[in-house]
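>>> sequence first, predicted model second:
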Amino acid sequence: MAFLGIDLGTSSVKAIILDEQGQTLGTSKVDYAVRSPQSRWAESDPADWWRATVEVVREVRTKVPQARIQALGLSGQMHGVVPTDQQGQPVRAAMLWADSRAEGELYHYFELGGDINRRLANPLLPGMAGPLLCWLARHENANYQAMRWALQPKDWLRWQLTGQAAADPSDASGTLLYDLSQNRWDEEVIAGLGLNRALFPSIIPAGAQAGTLTQKAATELELPAGLPIATGAADTAAAALGTGLLSPGVTQLTLGTGAQIIQLRSDFRPDDSLRTHFYRAADGSNWYSMAAVQNAGLVLDWVRQTLNASWEEMYASAATVAPGAEGLIFLPDLTRERAHQPANHHGGAFLRLRLHHQRAHMLHAALEGVAFGVRLALEALPGAQESSSLRLAGGGSVHPAWRQMLADILNRELLLVDTSSASARGAALLAGIASGHWSDARATAAVAPGIHSNGVPQPERARAYQESYQQFLKHALTNL
Ligand SMILES: Nc1ncnc2c1ncn2[C@@H]1O[C@H](COP(=O)(O)OP(=O)(O)O)[C@@H](O)[C@H]1O
Ligand SMILES: O=C(CO)[C@@H](O)[C@H](O)COP(=O)(O)O
């Protein structure tokens, strides 16, 4: 018996097959593009997601031909929206979390008044489904009218698998259209924004069965028709489940296209300052607090490609160039940063560039800038300062020199979780829960992956980075 998990990330789709003891039998990954056709836009073509999903599922199955898949579960990048027609086709490209075109739509929220801050329990940001849909209604009304469903990315993917629309609490709570205090779509906010309530599907638990695989999808994916499909969860929620983060008190950093620092919460306690996020967990009973960094892997990839460097060259520069990059500072704000970091309207920049600087300094400075951004987020997350160690996961945490730089800059021991794709693993566990193999999320603790120390701060380097961080802050927190 085996379970298939699919994580529809921002840069790639990952597939994992777990056996009934939660052991990884096989993994695969297929990349796709995030496009920025206009300044401040971030989009992907859902047709690319589907092609990549077909490829990744066939590939992972070829690696483990003997595995008998019992159920399939999903996880996916959060916040964005796929405007979808009656037939499940996107009416335009998906608008993603890194998009800030809807900045001008936030005033609709300011006008709502009442206790929306308590109900939405999150900062108002333009890359969330609510503001993005307001933008669509105003600027592309024909597309807005052509839409039957406003779906989160993994919910769009599930529609392709099952032909049915559904949402789950962990993803819905990241849309700015969800009442976290009552656990339901926020009817008042949806009506107040003038959005059509019928666009939002029923919310069902992440670990419930949300349908079965259609014949059409089964033929493409080379899987059996009728396979049970679990609802699935938002990627950060799925990553918490996948790494066995099932109780409060632990802080976890996931480095992917974005970076997220999370702590599980058993009580309803949003950040009163609204600088950080508060969402439903995948387990159906808890919440989690999160400080998210937009400008993480997305920006490293941009720098790497622009300077025509390999990943090895980029990460190696963490060790080969001294802390501080000989005075070079990189501000990573290529997209609008989240609410914990105000005054970032200048965009990204290399500062204090001099003749003696070489390409390796630029690569190193980019790593430093992103790591400093993660440190700012860590400092903003209520309760995270007390933790002397951080659990680490995500596809952007693979290189030892980069991990050492993170340990030095965050001044914390890093504990590497032994899984190559935490979110996909969480998705596969949800498949196991939906099919009754595990009774609930808590039961999956018995199969949690191992964790080992992988980066202890080196005092001298940590001190040097502390000085560079102070220089970075002078520029990062002021408009140039
Ligand atoms: N070949 C590679 N080697 C090392 N790091 C990589 C490589 N490819 C991508 N990355 C890093 O991993 C990030 C993507 O992490 P991942 O967890 O796979 O992403 P997501 O879930 O956001 O799609 C990239 O933005 C980049 O920082
Ligand atoms: O934006 C958030 C959380 O607020 C992320 O959870 C996104 O969903 C992106 O995740 P990755 O694709 O980087 O894994």
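Sure, I can see it. Ligands and ions are numbered 1, 2, ... in the order given.
>>> show me where the stretch 351-480 of the chain has helices.
359-380, 400-410, 422-434, 459-476 (DSSP state H, counting those that start in this stretch).
>>> residue 244: which of these is closest?
helix 422-434 (9.5 Å; CB to CB). C-betas here are computed from N, CA, C, even on glycine.
>>> ok, back up a step: could you single out the most deeply buried of the helices of the stretch 351-480 of the chain?
Compared across the helices of the stretch 351-480 of the chain, helix 422-434 shows the largest average neighbour count, a mean of 33 (mean count of other CB atoms under 10 Å).
>>> contacting residues for the spatially most central residue of the chain?
By CA atoms, centre = their mean, the chain has its centre lying nearest to residue 77, at 4.7 Å. Each residue near residue 77 by CB atoms under 8 Å, 6 or more residues apart in numbering is listed here: 8, 9, 10, 96, 97, 153, 154, 235, 257.
>>> and the residues you listed, which is closest to ligand 1?
Relative to ligand 1, the closest of the contacts of residue 77 is residue 9; by CB to the nearest ligand atom it sits at 2.3 Å.
>>> quick one, phi psi at residue 178?
When read as degrees, to the nearest 10, the backbone of residue 178 gives phi -120, psi 130.
>>> for residue 313, same thing?
According to degrees, to the nearest 10, residue 313 has phi -60, psi -40.
>>> in terms of contact, does it touch residue 363 like I think?
Yes: Residue 313 is within contact range of residue 363, at 6.5 Å (criterion: CB atoms under 8 Å).
>>> flag the shaky bits of the stretch 1-150 of the chain, pLDDT-wise.
Within the stretch 1-150 of the chain, no stretch has pLDDT under 70.
>>> how about the residues of it near ligand 1?
9, 10, 11, 12 (CB under 6 Å from any ligand atom).
>>> residues contacting the nearest residue to residue 384 once chain neighbours are set aside?
In space, and not counting its chain neighbours, residue 384 is closest to residue 251: 5.0 Å by CB to CB, 6 or more residues apart in numbering. Shown in contact with residue 251 (CB under 8 Å, 6+ apart): 261, 262, 263, 378, 381, 384, 387, 389, 390, 391.
>>> the nearest residue to residue 170 once chain neighbours are set aside: neighbour count?
Take residue 170 and drop its neighbours on the chain: the residue closest to it by CB to CB, 6+ apart is residue 237, 3.7 Å away. Neighbourhood size, residue 237 [other CB atoms under 10 Å]: 33.
>>> element containing the closest residue to residue 405 other than its chain neighbours?
In space, residue 405 comes closest to residue 318 once its chain neighbours are excluded; the distance is 4.1 Å by CB to CB, 6+ apart. Taking DSSP states H and E as the definition, residue 318 sits inside helix 311-320.
>>> is ligand 1 contacted by that helix?
Yes: counting by CB under 6 Å from any ligand atom, ligand 1 has neighbours in helix 311-320: residue 311.
>>> what is the subsequent helix or strand relative to that helix?
Next along from helix 311-320, by DSSP H and E: strand 329-331.
>>> roughly how far out does that following strand sit from the chain middle?
Counting by CA atoms, centre = their mean, to the nearest Å, strand 329-331 is centred 24 Å from the centre of its parent chain.
>>> swap in stretch 253-268?
9 Å.
>>> now it: buried residues?
By 16 or more other CB atoms under 10 Å, the buried positions in stretch 253-268 come out as 253-265.
>>> out of the residues you listed, name the ones that lie in strands.
Judged by DSSP state E, strands contain the following of the buried residues of stretch 253-268: 253, 254, 255, 259, 260, 261, 262, 263, 264, 265.
>>> from the residues you listed, which are also near ligand 2?
Within these, those near ligand 2 by CB under 6 Å from any ligand atom are residue 260.
>>> do you know how far the residue nearest to the centre of the chain is from residue 445?
26 Å (CB to CB, to the nearest Å).
>>> need the pLDDT of the residue in the stretch 351-480 of the chain positioned nearest to ligand 1.
The nearest approach of the stretch 351-480 of the chain to ligand 1 comes at residue 395, 2.6 Å away (CB to the nearest ligand atom). In the predicted model, residue 395 carries a pLDDT score of 89.
>>> do I have it right that it meets residue 256?
Yes: Residue 395 is within contact range of residue 256, at 5.6 Å (criterion: CB under 8 Å).
>>> need the overlap of contacts for the two.
What both residue 395 and residue 256 touch, as defined by CB under 8 Å, 6+ apart, is the set 9, 11, 297.
>>> list just the nearest of those to ligand 2.
residue 9 (4.0 Å).
>>> from what I see, that closest one and residue 258 are in contact.
No: with contacts counted by CB under 8 Å, residue 9 stays clear of residue 258, the gap being 9.7 Å.
>>> how close does residue 118 get to residue 25?
From residue 118 over to residue 25 the distance is 45 Å, taken as CB to CB.
>>> between these two, who's got more neighbours?
Neighbour count, other CB under 10 Å: between residue 118 and residue 25, residue 25 has more, with 17 against 13.
>>> using CSV, write out every CA atom in the helix or strand encompassing the more buried one.
Residue 25 is part of strand 24-31 when elements are defined by DSSP H and E. The C-alpha trace of strand 24-31 is given here as CSV (Å, rounded to 0.1, in the frame of the first residue of the first chain):
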residue,chain,number,x,y,z
THR,A,24,9.9,7.6,1.1
LEU,A,25,9.8,5.2,-1.8
GLY,A,26,10.5,7.8,-4.5
THR,A,27,10.4,11.5,-5.3
SER,A,28,10.5,13.6,-8.5
LYS,A,29,10.4,17.3,-9.4
VAL,A,30,9.5,19.2,-12.6
ASP,A,31,10.1,23.0,-12.9
